[in-house]
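Peer 1: fold the following for me, if possible:
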Amino acid sequence: MIKRYTDQKDVLFAAVGCVCFSGNMILVLKRNIDKSYPDHWGIPTGKVEIGETLIKAIIRELFEETKLVLSEERLTVVDDYYVSNDDMAFSYALFYTEFEINPNVSIDITEHSQHQWLEISQIDSLKLVPHVKETVQYAIQRRALKLSSQLNLFTNRPDVLMTNVVDLMKYMKDYPPLEFNSPEMKSWIVTFGSPGSGKTTTLKSLFNSIPNSKYSLISDNSKILKKNTRLKRYFIEAMKNRKFIYFFYFQMEILADKYIQSLSAPQNALVDETIFSTLAYSLALFRLNWLTQDQFETFLYNYQIYSSYLPKPDFVLFFYCRKNSLVKRIAERNRKIEKYFTIEYIEALNYAFQDVGNYLEGIGHKVIYIDTEELRTTSIVSDLLSNILKDGFK
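Peer 2: Just a heads-up that it's a prediction; the model follows:
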């Protein structure tokens, strides 16, 4: 078990570790056969000596195990953790460092037999010391935070997107929907697309243009946009204060909310987003390493259950445009909750919505792609009306 350190007193010793990054690679060391966890791979790690500070301890351990000499300025704190194994419990301070090119590493042969720079995506191919995968993930999240803190919608800084490579189709095959077809038949249309893509504006205009009062417009973002709601607090804790666990809380709760909103929508409803959007948001967060793999897969499991019980919409209206246009629109409308967005977050969302749109079309949904680069609302609505009145709202 590894968790953030609070006030546990039953620790045998204090230890430190460091994840060494070089681009998309990390440095791993193979433990000797006469050490604990023989022939297992880990990161530079060691015990803190009496009277030694944590930063001094990790500088010493890095030199002893790899002959890498680093200053305090080259090391970034990730967090303090409490590690509990079958035979011991100890505190663990985790750091990370970055190298532009792979440095020369010289291992201590009394401790380790091999070393290698390994692609992060290949870490599961090794026999790992317990908790190494989790610590690497924590360091990746902290590394992403450093990038985010340097990016802002209202600056001209260059944008950099550091993402997981995610095969959405593979994941969805691993988490198939239930063998269940909802007996409920309902005519309804949903919007889908990144924030700033013109969904809500176009949907309202479409609703006002349909010459029949029986149609309903369903749009409820009050839990996010209003003050003092739990979802808004989750989002701010995650985006502003970088407490990444709140992204998971947020996604799991809004998944249920969007499901209920869609399921309870009356016949002939225009629904502003549904659970399809929550899938895209979760995919973007996972690609940014703001959701862990376990959290993302837990979300997918629940998403597939909900999607099995949701009647198929007549249309999915997929609104899209270039990232730069999204950034400009979000900045101009100046919503308080969106001031915490970074350019990398918007870029990740744009990619994720494209991936999920392709996935939805691939499993049989009728997806209408709507390019809003020039935001021609009147002509967009005119084109949509011809489709809707012909094939939708029976």
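
Peer 1: with only the CA atoms kept, save stretch 64-75 in CSV.
Peer 2: What follows is stretch 64-75, C-alpha atoms only, in CSV (Å, rounded to 0.1, in the frame of the first residue of the first chain):
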residue,chain,number,x,y,z
GLU,A,64,26.0,6.4,-5.0
GLU,A,65,23.7,4.4,-7.2
THR,A,66,24.2,6.2,-10.6
LYS,A,67,27.2,8.6,-10.2
LEU,A,68,24.8,11.4,-11.3
VAL,A,69,25.7,14.6,-9.5
LEU,A,70,22.7,17.0,-9.2
SER,A,71,22.1,20.2,-7.4
GLU,A,72,19.0,20.9,-5.3
GLU,A,73,17.7,23.2,-8.1
ARG,A,74,17.6,20.2,-10.5
LEU,A,75,15.3,18.2,-8.2
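
Peer 1: tell me which residues are up against that stretch.
Peer 2: 18, 20, 27, 29, 44, 46, 55, 58-59, 62-63, 95-98, 103-108, 111-112, 115 (CB atoms under 8 Å, 6 or more residues apart in numbering). (Glycine included, C-beta is placed from N, CA and C.)

Peer 1: just the buried residues from those, in ChimeraX please.
Peer 2: Buried residues within the contacts of stretch 64-75, by 16 or more other CB atoms under 10 Å, are selected in ChimeraX with:
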select :18,20,27,29,44,46,58,59,62,95,96,97,105,107,111,112,115
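
Peer 1: where helices are concerned, which of the contacts of stretch 64-75 count?
Peer 2: Per DSSP state H, helices hold the following members of those: 55, 58-59, 62-63.

Peer 1: kindly reformat these as TSV containing pLDDT and distance to residue 330.
Peer 2: Formatted as TSV, the ones in helices among the contacts of stretch 64-75 follow (pLDDT from 0 to 100; distance: CB to CB, whole Å):
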residue	pLDDT	distance to residue 330
55	91	39
58	94	40
59	94	42
62	95	42
63	94	46
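
Peer 1: pLDDT-wise, which helix or strand of this structure ranks last?
Peer 2: The weakest-scoring helix or strand in the chain, judged by mean pLDDT, DSSP states H and E, is strand 2-4 (a mean of 47).

Peer 1: can you check the pLDDT for residue 142?
Peer 2: Per-residue pLDDT puts residue 142 at 76.

Peer 1: what's the spacing between it and residue 241?
Peer 2: 14 Å (CB to CB, to the nearest Å).

Peer 1: got JSON lines for the ones in helices among the contacts of stretch 64-75, with distance to residue 271 too?
Peer 2: Output for these, formatted as JSON lines (distance: CB to CB, whole Å):
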{"residue": "55", "distance to residue 271": "53"}
{"residue": "58", "distance to residue 271": "52"}
{"residue": "59", "distance to residue 271": "56"}
{"residue": "62", "distance to residue 271": "54"}
{"residue": "63", "distance to residue 271": "59"}
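
Peer 1: nearest to residue 311 among these?
Peer 2: Closest approach to residue 311 among the ones in helices among the contacts of stretch 64-75 (CB to CB): residue 58, at 55.5 Å.

Peer 1: hey, what's residue 91 bridged with?
Peer 2: residue 14, residue 82 (DSSP bridges).

Peer 1: wait, it touches residue 15, no?
Peer 2: Yes. Contact criterion CB atoms under 8 Å: residue 91 and residue 15 qualify, at 7.0 Å.

Peer 1: overlap in contacts, these two.
Peer 2: In contact with both residue 91 and residue 15: residue 83, using CB under 8 Å, 6+ apart.

Peer 1: looking at these two, which one has more neighbours?
Peer 2: Using other CB atoms under 10 Å as the criterion, residue 91 and residue 15 rank with residue 15 on top: 21 against 18.

Peer 1: appreciated, that's everything.
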